[in-house]
Structures are given as structure tokens and as C-alpha cells.
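Undergrad: okay, here's the prediction I keep looking at, along with the sequence it came from:
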Amino acid sequence: MTKKKYKAAVIGSGNWGSVAAKLVASNTLNLDSFHDEVRMWVFEETLPNGEKLTDIINITNENIKYLPGIKLGHNVVADPDLEHAVEDANMLVFVTPHQFIEGICKRLVGKIKGGVEAISLIKGMEVKTEGPCMISSLINKQLGVNCCVLMGANIGDEIAMEKFSEATIGYREDKEVAQRWVQIFGTPYFRVSAVRDIEGVELCGTLKNVVAIAAGFVDGLEMGNNAKAAIMRIGLNEMKAFSKLMFPSVCDNTFLESCGIADLITTCLGGRNRKVADAFARSGGKRSFHELETELLQGQKLQGVITAGEVYEVLCQRGWQESFPLFRTVHLICIGCAPPSAIIQQS
Ligand SMILES: NC(=O)c1ccc[n+]([C@@H]2O[C@H](COP(=O)([O-])OP(=O)(O)OC[C@H]3O[C@@H](n4cnc5c(N)ncnc54)[C@H](O)[C@@H]3O)[C@@H](O)[C@H]2O)c1
Ligand SMILES: O=P(O)(O)OC[C@H](O)CO
């Protein structure tokens, strides 16, 4: 009998976090080298009926708040205790909104055992006084673990319903580890490939959220498909230019993978950033993103507005404002310093 070597845990249980747990759990059941059980850390909350979200997930096998109507698999165990959720795991999947990851990592320092591998499904970055830091680097630096990334054209609700999509794993050096992540995530309806360009893959996933906000403005202003396609084209060029300035090693081909052009398209058509930016533009910029996020997403979180601010900070730090008119304008609109119509006039 094969000795089981790997145990996976998922840190995060929002919309994509729940889908990630479902994907991984469907594979661990069938792979001899993996333990069946997948622990999923839940940021605990009390629902309006007074019940704890974790209890409901474990009783119904559904995350009724973030992924209603989808069975996660009987081997997914929701756990509100972060340290307990990861204690036996040696394959950690990080999938929280990016604004929370630094605090989560701080809580995990010294709690992760040796020989652990990590992967980040988080689209975002942190900007420090010394410069920008990608989330995979933050995890690597704070916890001392190798961290791959998985990004792609992945609207969670569609994958939860087992509709076909692709994803890209970005890795630094160890192809064998990347292949293990391919194995644990891939299904016939979720086709995963790996490329040796971690920065390119992660920057695609991060920056497309800023372009999605721009696409939402165009939709909200009812400017039509041609204008939206133009914004996507300009956005893709800025994504590429920014990524290559940050990391000259970033490969052109990465932008043709699922994490690149495909994610840009799906997010500008059907994502949450697009949806909330559309409502913002329709309100003439009078309603705040915070208010609209709460009303339209009901607990799910936007990444694009925060990322636009972080990208703008990098542009200012490095004197790049003139080279990235779309990124700059998205941020200025989000903070109320320009009207939504500036997205076409100034990009
Ligand atoms: N949903 C998608 O379709 C999708 C697809 C691909 C990638 N992603 C990326 O995955 C990441 C996670 O997104 P998601 O969709 O799983 O989350 P989500 O936006 O659906 O849910 C928000 C999550 O944040 C948690 N939370 C709230 N306050 C918190 C706090 N103070 N500390 C820690 N957690 C807190 C909530 O409990 C919930 O689990 C994001 O970077 C997102 O861009 C999402
Ligand atoms: O709903 P969004 O805008 O957060 O986008 C979701 C995914 O990133 C699409 O791949």
C-alpha cells in the first residue's frame, strides 16, 4: 500500500476559497499519495439566524454564505481555528482577499512545520516603503515556505458548477512541486498548466482587477463594446509594460496563457470588480465603492480598487505616472478626483 505523504489545507473560505477546497478535495479522494481530508480555515462569522458559519458548513457540506447551493465534498472540514487547520498539513493553499493575508501570515509564523509547500490563489500585492511585494513573496518571506501561484480565467461560481475553464500555475524553479499542484487542482473541467514565470502569472492576476474596474466604468456609462474592447487592449498593454518594468524576466507568452488574456476577458465580462464599478459609474461617482461593495457583494470583497491604489503608489514611487494613463485614471476615479468619464478621456 502507498504511504500517504501529502495533506492539504485551504486557508480561506470565501467564494473562490470554497471552490478551491472543492477542487482539491475531489482529487485527494482519488490520489493515493494524499490524505483524503482537506481542512478549510474559515474566518468565523455568526449568521443572521445566530448560527456559526463553520457549523453550517460542517452540517450541510455547503458554504451557504459564499457559495450557496454547492456541495463541497464530504472530506472538506471547516475549521475556525487557523493554527489547528494547518497543523498537520504540508500543502497549504492560500486563498483570502489580499488585504488580510499579511495578518494571517503573522499569526502563522512559527506554526508551520518543515517541508511545507504553499500556493497562492490570491490576486493582489502589498506596497511597502521599500517597494511592492507580491503576495507569494510575502508568504515566502514571512513563513519561509516555497510558494507557487495559481491564476486564470476563473469566475468561481462557474467552476463550482463544473463548467469548463483553464488555469495557470506559476512556479520559480521546482517543476516537480508545480506538477504536484497541477495534480491536486486539475480536473477534466478545470484544465491546469504550469509555467516557469511566477512573477508574470501573479502580476497578470493582480493587474487585471484594475482593468476590470475600468471596464465596469465603460459599461456603467453605456459606452458600448468597442470602447470596452479598447479599454481591455490598453489595459493589457499596461499590464505587460508594468510587469516587465517590475520584473524584466517576465515572459511575453505568459500574457497568452489563461492567467493573461483569458482572465482579462472573463473578468471584464462577468467579474465582481466590473459589476461594482458599473454601479459606481451609474451613480455618477456619488455612491462610494465601499457602500456598493457591501450592497452588491454581501460579504465578498473587491480587490481592484485597493490594487489600483497600490499600483498608483508604485507609479508615484518610481515616477511612472505618465506611462500608465489607464492605471492612473482608474485610481483617480475611484478616489473621486476624476469623473467616471475620464476613463476614456484620459486613458
Ligand atoms: N471569487 C472568484 O471568482 C475568484 C476567482 C479567482 C481568484 N479569486 C481571488 O481569490 C481571493 C479570495 O477571494 P474569494 O472570492 O475567495 O473571497 P470572497 O471575496 O468571496 O470572500 C471574502 C472572504 O474574506 C473573509 N474575511 C472577511 N474579513 C476577514 C478578515 N478580517 N480576515 C480574514 N478573512 C476575512 C470572509 O470570511 C470571506 O471568506 C481574492 O484575491 C480573489 O481575487 C477570486
Ligand atoms: O469577480 P472578480 O472581479 O473578483 O474576478 C474573479 C476572478 O479573478 C476571475 O478570474
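TA: Noted; the coordinates are in hand. Ligands and ions are numbered 1, 2, ... in the order given.

Undergrad: what bits of this protein have low per-residue confidence?
TA: Across the chain, the ranges flagged by pLDDT under 70 are 1-2.

Undergrad: tell me the domain boundaries of it?
TA: The chain is divided into the following domains under the TED database: 8-196, 200-342.

Undergrad: measure the residue of the chain found nearest ligand 1 to Leu302 for me?
TA: Relative to ligand 1, the nearest point of the chain is Gly14 (2.2 Å; C-beta to the nearest ligand atom). Using the backbone N, CA and C atoms, a C-beta is placed for each residue, glycine as well. As for Gly14, its distance to Leu302 is 12 Å (criterion: C-beta to C-beta, to the nearest Å).

Undergrad: which bits of the stretch 151-300 of the chain sit near ligand 1?
TA: Selection of the stretch 151-300 of the chain residues close to ligand 1 by C-beta under 6 Å from any ligand atom yields Asn154, Ile155, Gly156, Gln300.

Undergrad: which one is Lys240 nearest to, not counting chain neighbours?
TA: Nearest residue to Lys240 in three dimensions, chain neighbours excluded: Phe255, at 5.7 Å (C-beta to C-beta, 6 or more residues apart in numbering).

Undergrad: quick check: that neighbour is in a helix.
TA: Yes - assignment of Phe255 by DSSP: H, G, I helix; E, B strand; the rest coil places it within a helix.

Undergrad: so who does it touch?
TA: Residues in contact with Phe255, defined by C-beta atoms under 8 Å, 6 or more residues apart in numbering, are Gly200, Cys204, Leu236, Met239, Lys240, Ile261.

Undergrad: mind doing that once more with 10 Å?
TA: By C-beta atoms under 10 Å, 6 or more residues apart in numbering, Phe255 lies in contact with Gly200, Leu203, Cys204, Leu236, Asn237, Met239, Lys240, Ser243, Ile261, Leu264.

Undergrad: joint contacts of Gly14 and Leu302?
TA: Pro97.

Undergrad: the residue of the chain closest to ligand 1 and Gln298 touch, don't they?
TA: No - with contact defined as C-beta atoms under 10 Å, Gly14 does not reach Gln298; the gap is 11.3 Å.

Undergrad: in what helix or strand does Asn226 lie?
TA: helix 225-246 (DSSP states H and E).

Undergrad: quick check: angle from whatever helix or strand comes next after that helix to helix 225-246?
TA: Once the chain leaves helix 225-246, the next helix or strand it forms, by DSSP H and E, is helix 263-270. Comparing the axes of helix 263-270 and helix 225-246 via axes from the mean of the first three to the mean of the last three C-alpha atoms, to 10 degrees yields an angle of 140 degrees.

Undergrad: extract the C-alpha set from helix 263-270 and format it as PDB.
TA: What follows is helix 263-270, C-alpha atoms only, in PDB (Å, rounded to 0.1, in the frame of the first residue of the first chain):
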ATOM      1  CA  ASP A 263      -8.600  36.200 -17.300                       C
ATOM      2  CA  LEU A 264      -8.700  39.700 -18.600                       C
ATOM      3  CA  ILE A 265     -11.600  38.900 -20.800                       C
ATOM      4  CA  THR A 266     -13.700  36.900 -18.300                       C
ATOM      5  CA  THR A 267     -13.200  39.400 -15.600                       C
ATOM      6  CA  CYS A 268     -14.200  42.400 -17.800                       C
ATOM      7  CA  LEU A 269     -17.300  40.500 -18.900                       C
ATOM      8  CA  GLY A 270     -18.500  38.800 -15.700                       C
END
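
Undergrad: so for that helix, what gets flagged as buried?
TA: Counting neighbours by 16 or more other C-beta atoms under 10 Å, one finds that the buried residues in helix 263-270 are Asp263, Leu264, Ile265, Thr266, Thr267, Cys268.

Undergrad: what's that helix packed up against?
TA: helix 156-160, strand 165-170, helix 198-220, helix 225-246, helix 272-282 (3 or more C-beta pairs under 10 Å, 6 or more residues apart in numbering; DSSP states H and E).

Undergrad: next, the angle from the last one to helix 198-220.
TA: So that's helix 272-282. Using the same axes, to 10 degrees: helix 272-282 against helix 198-220 is 30 degrees.

Undergrad: is helix 272-282 anywhere near ligand 2?
TA: Yes - on the criterion C-beta under 6 Å from any ligand atom, helix 272-282 is in touch with ligand 2 at Arg272, Asn273.

Undergrad: how close does Gln179 sit to Asn75?
TA: 22 Å.

Undergrad: again with Leu47
TA: On the measure of C-beta to C-beta, Leu47 and Asn75 end up 24 Å apart.

Undergrad: where along the stretch 51-200 of the chain do the strands fall?
TA: 76-79, 91-94, 117-120, 125-128, 131-134, 146-151, 165-170, 190-195 (DSSP state E, counting those that start in this stretch).
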